[in-house]
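> Predicted structure and sequence below. I'll ask about it afterward.
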Amino acid sequence: MPSVSVIIPNYNRASLIGETLHSILSQTRKPDEIIVVDDGSTDESRQVIRTFAPRVRLIAQENAGPAVARNRGLAESSGDFIQFMDSDDLCAHNKIGEQLLALVRTGADIAYSPYIKCILADGVARLSGPVMQQFPLPLRRSPAQYFAEGWGIYLQACLFRRSTLLKVGPFRTNLMPTEDYEFLFRVLLTKPTIVHVTSTCFVYRLHTEGQISFGSFLSGKRARDYVNYVATVSDHIRAHKSDFRWRDRVYWWVEAVHAERELGRLEGLPKQGHRLPQLVRDLPILLKHAYSLAWQCSRKFHGRVHHSPFGEGPVTHQMIYLMRDLGYKLTEEARLDFLPTRLRLTALKP
């Protein structure tokens, strides 16, 4: 029988890590090992994690960031399949079982499923936006090509074949918090086979505890990380340029110029390139604004919040039952407030 390892980096999530572990330990297909790498927490996280021993293995290290923690967990794990989780998120009780069945049945390298972002409080789940990846990626392009267009999915919504992850090397420790997206892109560049599993879901919890806002005093650090992330992705695209279109390269060039301009603004740096005409210097920014405006106009026509590869859709009755198993109720108000009328009618159908 194939084995499954769950890897969870944790930092100062004493009030949330317990619920995350309960959602993993309650899986219909129990994982063979659960590894929590505590990244130098200063709260009571380690005491909470130890209460789950011996079912959960705690690895304690000095604070070094989530990339180092995930690399440590992956190196210490032994499963044929890997489930990454964050210490504040939840997954439906059938997630590992359903995705593992799909991987074994199809021989695919990655299974991915719908996910939702919501605020969880007092037994009620209030959604922030539609269900994502309710539908599989279109077949017109490869997952890596869709990534180059701006698509992405959380690692936690996936189950990975271990051999697929080992092809790409470790998470980059010089990127935070974008190290997971860059790692995913490297995985996709290996051209893995993927399978979409509609019968389960992953829950991304929205909260203020331990989360960094771009509006905080660390916004400059986040901006610098994003500049490095965009440069790294651009390097990957250039290295595999035969797999991408010219407009993919233009998209990331525009993104790089915009990211550097935003970093300069935050750090109070003077604008560069004064010898060039103003219009030439501002062309990437104008292109980005034009693209954003075109998308806003398009949204009015088709009613989608995100681009089609994200596969957004309404909450299904099955997802309501899965959330109920996790101890949360999706009210009609919470389910439908954000949806266009067309999708509200679909969501209400039995």
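The structure has been received and is ready for your questions. Since this is a predicted model, take the numbers as computed values, not measurements.

> Quick check on Cys158: phi, psi?
The phi/psi pair for Cys158 (degrees, to the nearest 10) reads phi -120, psi 160.

> so how many other residues sit close to it?
Using other CB atoms under 10 Å, Cys158 has 23 neighbouring residues. All C-beta atoms are positioned from the backbone trio N, CA, C, and that covers glycine.

> got a pLDDT number for it?
At Cys158 the predicted local confidence, pLDDT, stands at 98.

> Please apply the same query to Gly268.
The predicted local confidence for Gly268 comes out at a pLDDT of 69.

> all strands of the chain, in order?
Assigned by DSSP state E, the chain shows strands spanning 4-10, 33-39, 57-61, 81-84, 90-91, 110-112, 115-121, 124-127, 158-161, 194-196, 202-205.

> What distance do you get for the closest residue to Tyr204 other than its chain neighbours to Arg205?
Using CB to CB, 6 or more residues apart in numbering and skipping the chain neighbours, the partner closest in space to Tyr204 is Lys117 (4.6 Å). Computed with CB to CB, to the nearest Å, the distance linking Lys117 and Arg205 is 8 Å.

> which residues does Phe310 contact?
With contact taken as CB atoms under 8 Å, 6 or more residues apart in numbering, Phe310 is in contact with 132-133, 151.

> Please repeat the previous calculation with a cut-off of 6 Å.
Contacts for Phe310 were tallied using CB atoms under 6 Å, 6 or more residues apart in numbering; they are Met132.

> higher neighbour count, Lys117 and Arg205?
For Lys117 and Arg205, the more surrounded residue by other CB under 10 Å is Arg205, and the numbers stand at 19 against 16.

> for the more buried one, what are its contacts?
For Arg205, the contacting residues are 88-89, 120, taking CB under 6 Å, 6+ apart as the criterion.

> Please name the nearest non-neighbouring residue to it.
Nearest-residue entry for Arg205: Asp88, 5.0 Å, with adjacent residues in sequence omitted and distances by CB to CB, 6+ apart.

> give me the number of residues near that neighbour?
Applying the criterion other CB under 10 Å, we find 22 residues in the vicinity of Asp88.

> give me every residue that touches it.
Asp88 makes contact with 13, 16, 205, according to CB under 6 Å, 6+ apart.

> Now do the phi/psi pair for the first one.
Going back to what we said before, that points to Arg13. Residue torsions, per degrees, to the nearest 10, at Arg13 are phi -120, psi 40.

> next one: the second one
Here the main-chain torsion angles of Leu16 (degrees, to the nearest 10) amount to phi -120, psi -30.

> ok, now how distant is it from Lys30?
Distance check for Leu16 against Lys30: by CB to CB, it reads 22 Å.

> next one: the first one
Here the criterion is CB to CB. By it, Arg13 lies 23 Å from Lys30.

> When these two are compared, which one has more neighbours?
Applying other CB under 10 Å to Arg13 and Lys30 shows that Arg13 carries more neighbours, namely 25 against 13.

> you'd agree the more buried one is up against Asp89?
No: with contact defined as CB atoms under 6 Å, Arg13 and Asp89 do not form a contacting pair (10.2 Å).

> Thank you, goodbye.
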